[in-house]
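Got a sequence here, can you build the structure:
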Amino acid sequence: MSTMSRRAFPLCVAAAVVAVAFPAFAAGPTVGDGPARALQPAVPASPVATDIVGVYDSGALDQSTADAALLAARDAGGKAVISKAVSLRMRRLTRGADVVQEAPSGFAYPMGTTVLPRDFVSRTMGRPVSAVLGRDTIVMGALTAGLRGARAGDRIDLVASSGSVVTMTIGAVVDDEITGGTELLMSPEAADRLGINRLSQVLIWGFRSRQAIDGALAGRGLVRTSVRIRRTWDPPDPDSGLGMARTKAALGEFAYRLNSNGSVSIESGWYSDNITFGRIGESPYRLNLSTGCHRTVRVALEAAMAEVIATGNADSINYFHANTAGGCYVPRFSRLATNSSIGFLSRHTWGMAIDTNTIGSCMGCAPPDFVTHPHGCATVRIFRKHGFAWGGNYLTPDGMHFEWVGEPRDQLDYPSRFCPNIPSEASGARPAAAATGDDTARATLFALDGIELGD
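Residues are numbered from 1 along each chain as shown. Below is the predicted model of the structure:
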């Protein structure tokens with residue numbers, strides 16, 4: 001698990017599921033009255049690849065990017081597959097005749113979903129994981145299973161892109177470190193039943209060496225600002241977002257409804273429990289937050305703004321833009337994934353992100369005006385200190401966007417394109433090149449469930 005994943009985090013998880021750690025389980029579900037549990041240890045038939053590279057674009061994977069990445073894999077002596085990622089709607093979870101969880105009528109729960117060929121799953125997660133994937137069976141991440149009390153053998157009703165309901169069986173509950181943090185993992189055959197066709201990224205493994213794949217990717221023209229390359233040995237990125245499972249664990253899970261005009265409505269219970277109102281700061285440095293903000297996020301935002309003002313950096317924020325065209329809680333789909341059938345909800349739907357300089361740091365503005373302002377990068381680092389990632393380093397720069405992640409990010413020594421951190425020596429921050437072992441990006445490599453589509 002990455003350094004970021006190990007830090008203290010408010011996980012409101014039911015104790016109904018025991019996370020399975022590879023290779024401590026064999027193929028096949030465990031069904032009964034108790035929690036999900038591991039079976040006999042299983043030894044993989046071939047070594048599991050630990051060095052994996054992901055290549056993706058902003059939004060859906062572009063065919064030219066995919067072609068170049070597949071050629072780079074061949075050049076480096078490796079293998080490659082193309083994955084798919086969507087957010088599905090879950091209506092109901094059942095165990096036999098009993099309902100474990102069911103959304104209110106007309107509503108559904110968003111579920112981050114990754115589609116991977118079984119051969120790739122076998123070689124990178126282990127044969128016991130791939131063995132349970134099929135046309136009718138899926139794998140659920142342990143954190144997601146804990147949130148809803150699910151276990152192997154339960155049945156889950158998912159809404160296909162056509163609007164029809166497809167029922168799947170949970171073949172196994174698997175530790176998130178193995179599945180890469182995705183909520184649901186399924187095979188291409190299962191994805192076909194749901195009409196999932198959004199290409200997500202190229203995943204490469206089995207190459208001769210790290211140097212070989214880096215050289216091949218550069219040789220195929222993929223080392224550029226419009227393409228993201230993630231490696232399992234990469235250090236933590238201060239501006240990476242939370243996957244959907246961790247977002248729900250921290251801020252609660254809501255059900256949502258698609259309205260006829262394409263808008264989104266959130267169930268009233270979650271809204272009333274979590275969205276709060278009230279201004280932050282005093283004029284002229286005041287955020288009105290007229291649309292509301294998540295109560296947990298509000299605490300961090302108040303602390304960040306207090307330090308921005310106290311350090312004389314308040315003039316880097318355009319309050320008029322924030323209070324008129326920006327905002328925090330805005331339930332809708334991401335502007336880069338707008339398919340309402342299987343699209344990703346914006347992180348604004350959780351009230352966990354705030355937009356400020358909506359013109360000078362608009363989506364696509366490069367560099368954002370936070371970079372050119374004398375105090376702008378100082379403000380970015382203060383927000384990171386108080387638990388926010390910044391959208392200015394997204395593939396499609398979104399410098400107006402600050403997204404809550406619930407942990408300090410200001411001391412991560414990472415080669416950010418804009419506003420890199422300046423870690424203090426006293427912090428013990430580790431240089432990017434020193435990241436090894438558990439301090440890697442595998443925890444989110446396979447699960448591109450909207451983490452860079454926040455706005």
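
Roughly how far does the residue nearest to the spatial centre of the chain sit from Met400?
Note on the chain: the residue nearest the mean C-alpha position is Gly243, at 2.6 Å, using Cα atoms, centre = their mean. Using Cβ to Cβ, to the nearest Å, we find Gly243 at a distance of 23 Å from Met400. C-beta coordinates here come from the backbone N, C-alpha and C atoms, glycine included.

coming back round to it: what pLDDT does the residue nearest to the centre of the chain get?
Note on Gly243: pLDDT of 90.

from what I can see it touches Leu445, true?
No: with contacts defined as Cβ atoms under 8 Å, Gly243 does not count as touching Leu445, sitting 10.6 Å away.

Endpoints of stretch 52-65, how far apart?
In stretch 52-65, first residue to last residue: 17 Å (Cα to Cα, to the nearest Å).

got a list of contacts for the strand or helix carrying Ala72?
Assigned by DSSP states H and E, Ala72 belongs to helix 63-75. With Cβ atoms under 8 Å, 6 or more residues apart in numbering as the test, helix 63-75 has contacts from 55-57, 79-80, 82, 199, 202, 204, 207, 212-213, 216-217, 219-222, 227.

If we use 6 Å, what do you get?
For helix 63-75, contacts defined as Cβ atoms under 6 Å, 6 or more residues apart in numbering pick out Val55, Asp57, Ala80, Ile82, Val202, Ile204, Ala216, Leu217, Arg220, Leu222, Val227.

now swap in stretch 319-329 and tell me
Residues outside stretch 319-329 that contact it (Cβ under 6 Å, 6+ apart): 275, 287-289, 291-293, 351, 354-358.

quick one, longest helix in the chain?
For the chain, the helix that runs over the most residues, judged by DSSP state H, is helix 295-310.

how near is the closest residue to the residue nearest to the centre of the chain other than its chain neighbours to Gly141?
The shortest distance from Gly243 to any non-neighbouring residue, by Cβ to Cβ, 6 or more residues apart in numbering, is to Gly181 (4.3 Å). Noted for Gly181: a distance of 7 Å to Gly141, by Cβ to Cβ.

all helices of the stretch 1-150 of the chain, in order?
When secondary structure is read from DSSP state H, counting those that start in this stretch, the stretch 1-150 of the chain shows helices at 3-6, 63-75, 118-124, 127-130, 142-148.

Can you check which of the ones you listed gets nearest to Thr50?
Nearest to Thr50, of all those, is helix 118-124, at 8.2 Å by Cβ to Cβ.

Run through the chain and note the low-pLDDT ranges.
Applying pLDDT under 70 to the chain flags residues 1-47, 336-342, 425-441, 443, 449-451, 453-455.

Report the residue ranges of every domain in it.
Annotated domains of the chain cover 9-231, 244-432 [automatic domain parsing].

and the first one, how far from the chain's centre?
Okay, so that is domain 9-231. A distance of 13 Å separates the C-alpha centroid of domain 9-231 from that of its chain, computed with Cα atoms, centre = their mean, to the nearest Å.

and what of the shortest one?
Computed by Cα atoms, centre = their mean, the chain-centroid distance of domain 244-432 equals 15 Å.

and which of the contacts of stretch 319-329 is nearest His386?
Taking Cβ to Cβ as the measure, Ile354 is the one of the contacts of stretch 319-329 closest to His386, at 12.0 Å.

How many neighbouring residues does the residue lying closest to the closest one once chain neighbours are set aside have?
Nearest residue to Ile354, sequence neighbours excluded (Cβ to Cβ, 6+ apart): Cys328, at 4.7 Å. The number of residues packed near Cys328 is 28, by other Cβ atoms under 10 Å.

could you measure Cys328 against Ala60, distance?
Cys328 is 27 Å from Ala60, by Cβ to Cβ.

next one: Asn393
20 Å.

Neighbour count for the two, which is higher?
Comparing Asn393 with Ala60 by neighbour count (other Cβ under 10 Å), the higher total belongs to Asn393, at 23 against 17.

Pretty sure the more buried one sits against Arg417.
Yes: using Cβ atoms under 6 Å, Asn393 makes contact with Arg417 at a distance of 5.4 Å.

Got the phi and psi for Arg193?
Dihedral pair for Arg193: phi -60, psi -30, per degrees, to the nearest 10.

Give the burial count for it, as a bare number.
Arg193: 16 neighbours (other Cβ under 10 Å).

just Ser272 next, same as before
For Ser272, the tally of surrounding residues (other Cβ under 10 Å) stands at 9.

What are the neighbouring residues in contact with Leu203?
Counted by Cβ under 6 Å, 6+ apart, Leu203 has contacts Gly54, Val81, Ser83.

any idea how far the closest residue to Ala108 other than its chain neighbours is from Arg95?
The shortest distance from Ala108 to any non-neighbouring residue, by Cβ to Cβ, 6+ apart, is to Arg89 (3.5 Å). Separation of Arg89 from Arg95 (Cβ to Cβ): 20 Å.

Counting neighbours, go ahead and name the busier of the two.
The residue with more neighbours, out of Arg89 and Arg95, is Arg89; 23 against 16, by other Cβ under 10 Å.

What residues are bridge-paired with the more buried one?
As for beta bridges, Arg89 partners with Pro110, Val159 under DSSP bridges.

Against Leu258, how distant is it?
Arg89 is 8 Å from Leu258, by Cβ to Cβ.

and what of Arg442?
Distance from Arg442 to Leu258, counting by Cβ to Cβ: 33 Å.

Of the two, which one has the most company?
Counted by other Cβ under 10 Å, Arg442 and Leu258 do not tie: Arg442 has more neighbours, with 24 against 19.

The more buried one against Trp233, yeah?
No: using Cβ under 6 Å as the test, Arg442 is too far from Trp233 to be in contact (8.8 Å).

The residue nearest to Ala108 contacts Asp157, doesn't it?
No: the pair Arg89 and Asp157 does not pass the contact test of Cβ under 6 Å, sitting 9.3 Å apart.
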